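A.B. asks: Would you be able to build a 3D model of this:
(one chain, ligands or ions: 1)
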Amino acid sequence: MLLTLFESHTHFFLSMFQKMILTKIISNTLSLHKKQLIEWLPAVRYFSSPTNPLVNVDVNDKSGIAVVTMNRKPVNGLSLELFEAMSKALDDLENNRIRGAILTSSCPTVFSAGLDLNELYQPDKKRFKAFWTTFQDVWLKLYGSSFPTAAAINGHAPAGGCFLAISCEYRVMCPDYKIGLNETRLGIIAPIFLRASMRNTVSNREAEKALTLGTLYSTEDALKIGLIDEIAIYKVKAIERCENFLAQFNNVSSIARSFTKRSLRQKDLEELENCREEDFNIFWSNLIEPSVQKQIGDYMQSLKKK
Ligand SMILES: CCCCCCCCCC/C=C/CC(=O)SCCNC(=O)CCNC(=O)[C@H](O)C(C)(C)COP(=O)(O)OP(=O)(O)OC[C@H]1O[C@@H](n2cnc3c(N)ncnc32)[C@H](O)[C@@H]1OP(=O)(O)O
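C.D. replies: Numbers count the residues shown, from 1 in each chain. Predicted structure coming up:
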């Protein structure tokens, strides 16, 4: 009660300086450790959006909600550079205590085409290691973020594109697109953290079916199985619906919300934290199998021939 009142009344007005003073006063009064206390303090807007051509971050001054737009034409293929930009953007959002984030895309018909196949085909080990490690980082930061997240899926979201969306807490998708984890169709095994996000979104039975069959769902079918939460006619509406979802947290204590989210996701996060190197080794050794390389190469050709 005290927290909620405190947050709602101070959200827009606290400056960094005031926040420091308040931290000191309250921590002295309540004998709290500063790290514990900082979690109690309301989100305050005091940073300008970091500029990276691959990821644009736009924070709404009034709501404190950030729209994070992936911007790697033509299809937001997830390359090392795009993952690095996303990882940096997520750090900035975390450090600046925004109220929530909405992930979307600047490509008109594609949210993200998943991992950039060029990273998987005839890979250089050093670069692939950096790529895979940054991929893991992005998932850990997005899935484990202290702020609430939503995805405005304004286009196709196969494989890694779906993975990004299901790492968020809420999904609104535009009609007539496809979404799903189609890795098995490419002859590759969904990594441990993709499986965790999927199980956290749809029922265990649906996750098993979807992952083993590698199904790509239409927007309407995705809604039926709970892979997405809502359909919105176009991108602006999808962002609005995501904002509405995030606004619901204005009346909830941010510390209670973020601790609850963390505790629900902790096991999945730790599972990857404890086996990052092993996860890389398994993927690397499978990836360089000649049969897997041939399948990826043929698939890339088929996409180009369309
Ligand atoms: C045995 C175990 C082995 C383990 C091996 C470990 C490997 C770990 C990987 C695990 C996880 C993998 C997940 C992935 O994300 S893999 C990527 C899967 N992605 C897809 O299957 C999507 C492919 N793309 C499409 O279906 C379509 O492009 C689209 C997204 C529906 C959009 O269609 P649209 O018609 O608008 O666009 P085009 O198809 O014409 O594409 C435009 C150009 O973009 C190129 N393209 C498309 N997708 C990718 C991609 N993922 N990476 C790189 N490039 C891509 C396409 O070729 C076109 O190029 P062009 O202009 O030069 O022709």
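A.B. asks: The stretch 1-150 of the chain: helices as residue ranges?
C.D. replies: Remark: helices assigned in the stretch 1-150 of the chain by DSSP state H, counting those that start in this stretch are 2-10, 16-30, 34-38, 80-95, 117-120, 125-143.
A.B. asks: residues of stretch 187-203 that come out buried?
C.D. replies: Of all the residues in stretch 187-203, those buried under the rule 16 or more other Cβ atoms under 10 Å are 187-188, 190-199, 201-202. (C-beta placed from N, C-alpha, C; glycine too.)
A.B. asks: May I have it as PDB, with CA atoms only?
C.D. replies: Below are the C-alpha coordinates for stretch 187-203, written out as PDB (Å, rounded to 0.1, in the frame of the first residue of the first chain):
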ATOM      1  CA  GLY A 187      17.100 -30.300 -39.200                       C
ATOM      2  CA  ILE A 188      18.300 -28.400 -36.100                       C
ATOM      3  CA  ILE A 189      17.400 -28.900 -32.500                       C
ATOM      4  CA  ALA A 190      15.700 -26.100 -30.500                       C
ATOM      5  CA  PRO A 191      18.300 -25.000 -27.900                       C
ATOM      6  CA  ILE A 192      17.400 -25.300 -24.200                       C
ATOM      7  CA  PHE A 193      16.400 -21.700 -23.800                       C
ATOM      8  CA  LEU A 194      14.000 -21.700 -26.700                       C
ATOM      9  CA  ARG A 195      12.300 -24.700 -25.200                       C
ATOM     10  CA  ALA A 196      11.900 -22.900 -21.800                       C
ATOM     11  CA  SER A 197      10.300 -19.900 -23.400                       C
ATOM     12  CA  MET A 198       7.800 -22.000 -25.300                       C
ATOM     13  CA  ARG A 199       6.800 -24.100 -22.300                       C
ATOM     14  CA  ASN A 200       6.300 -20.900 -20.400                       C
ATOM     15  CA  THR A 201       3.900 -19.700 -23.100                       C
ATOM     16  CA  VAL A 202       1.700 -22.600 -24.200                       C
ATOM     17  CA  SER A 203       0.800 -25.900 -22.500                       C
END
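A.B. asks: Just the closest residue of the stretch 201-306 of the chain to the ligand, please.
C.D. replies: In the stretch 201-306 of the chain, no residue comes nearer to the ligand than residue 286, which is 3.2 Å away by Cβ to the nearest ligand atom.
A.B. asks: Work out for me the element that residue sits within.
C.D. replies: Counting by DSSP states H and E, the element that carries residue 286 is helix 276-287.
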